[in-house]
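Colleague: Task: produce atomic coordinates for the following.
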Amino acid sequence: MTTTVSTSPGATAPSAARSKQTTLLAGSAKVTRITYVVLLALALAAPFLGLYPVFVMKLLCFALFACAFNLLLGFTGLLSFGHAAFFGSAAYVTGWFVKSQQWTPELALLAGAGAAGLIGLLVGLVAIRRQGIYFAMITLAIAQMVYFVCLQAPFTGGEDGLQGVQRGKLLGMFSLESDTAMYYLVVAVFVASFLFISRIVNSPFGQVLKMIRENEPRAVSLGYQVDRYKLLAFVLSAALAGLAGSLKTLVMGFATLSDVHWSMSGEVILMTLLGGVGTFFGPVMGSGIVIALQNLLADKVGSWVTVIIGVIFVMCVLAFRKGVVGELQAWRDRRRNAASQAA
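Modeller: Numbers count the residues shown, from 1 in each chain. All right, here's what the predicted structure looks like:
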């Protein structure tokens, strides 16, 4: 005797909804990958499209700076008011090694990033045990100490900074004096750093960082050494910020006190919030908006450019609280949920 089991239409609804959700997620991931490939192609073709290479290089340097800061704020939940210390100190270290010690560019970049990472370790050991505004103010206070050292130290050039830093030859063979050659080095470093940050965030280590951001007491209760995770995230963020500062010195040919000033910390916070905290492409978008506005408006409105950027930031916070990319992702998620519920 054969037994027939009938399946009601309602029994297949959850599996159909899950299948629809999986399809939507796969489609979204595919669109994201295609977008990144298109942007990479545009970046590689930029010198041939009439874009000024130095402007794009400066944008990429600050985009890397913002991505490094976002690793700390967006994925770990730590707000630093002193990231200019890492950006600026690395800029000075790289400039000094290239100008005074005739180091090759790749060694000077590694020295700058290493110096920033070491300073980040020292700052982190002091600040990481504090939370909230106390953590932020400790980073600001130590950053001001770094600014004073850069102002007074003999090798930094004082108020004049380090001028006339040559780009040199990569590996002692490939000249970087032309803007095109330097541009492709900056693109390569930025892409490698962006992929590295993505790998960190999507690794088990990155998942722990997200858990610390969302619910630190729960992470502690599960047995994680929270302070160690936060310290490592802080050092990685500082080293990547230093790499951005080192690149900026090679691109522009100088390192000045503005690189280590507290206002630089404010700029990177603005870039990250404007683009979208906790998103991968948000800091890149935010830095592009800020740098483009500074370059477009500086000759026309002078110092009023900071006021205009401030107004835009306030409007963005009021209308797009998650940032430009964050709001776009939220809109996409709402459409995806609506589509899955309709299915």
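Colleague: in the stretch 151-300 of the chain, which ranges drop under the pLDDT threshold?
Modeller: By pLDDT under 70, the stretch 151-300 of the chain has no low-scoring segment.
Colleague: show me where it has strands.
Modeller: 169-170, 174-175 (DSSP state E, counting those that start in this stretch).
Colleague: now for the first one, which elements pack on it?
Modeller: With contacts defined as 3 or more Cβ pairs under 8 Å, 6 or more residues apart in numbering; DSSP states H and E, the secondary structure elements packing on strand 169-170 are helix 105-127. From N, CA and C alone the C-beta is placed, and that goes for glycine too.
Colleague: Of all the residues in the helix it packs on, which ones are buried?
Modeller: 105, 107-120, 123-124, 127 (16 or more other Cβ atoms under 10 Å).
Colleague: Could you dump the strands of the stretch 151-300 of the chain into CSV with mean neighbour count and distance to Ala46 added?
Modeller: What follows is the strands of the stretch 151-300 of the chain, written out as CSV (neighbours: other Cβ atoms under 10 Å; distance: least, Cβ to Cβ, whole Å):
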stretch, mean neighbour count, distance to Ala46
strand 169-170, 16, 20
strand 174-175, 11, 20
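Colleague: Specify the stretch among the ones you listed that is closest to Ser203.
Modeller: strand 169-170 (29.9 Å; Cβ to Cβ).
Colleague: Tell me how many other residues crowd Leu250.
Modeller: Leu250 is flanked by 26 other residues according to other Cβ atoms under 10 Å.
Colleague: Run through the helices of the stretch 101-250 of the chain in chain order.
Modeller: Counting by DSSP state H, counting those that start in this stretch, the stretch 101-250 of the chain has helices at residues 105-127, 132-152, 179-202, 204-214, 216-221, 226-252.
Colleague: Burial-wise, tell me which of those comes out on top.
Modeller: helix 226-252 (a mean of 25; mean count of other Cβ atoms under 10 Å).
Colleague: Tell me how far it lies from the chain's centre.
Modeller: Helix 226-252 sits 9 Å away from the centroid of its parent chain (Cα atoms, centre = their mean, to the nearest Å).
Colleague: If we ignore the residues flanking it in sequence, what's nearest Val235?
Modeller: Nearest residue to Val235, sequence neighbours excluded (Cβ to Cβ, 6 or more residues apart in numbering): Gly120, at 4.6 Å.
Colleague: My guess is the one you found contacts Ala238. True?
Modeller: Yes - taking contacts as Cβ atoms under 8 Å, Gly120 lies within contact range of Ala238: 2.5 Å.
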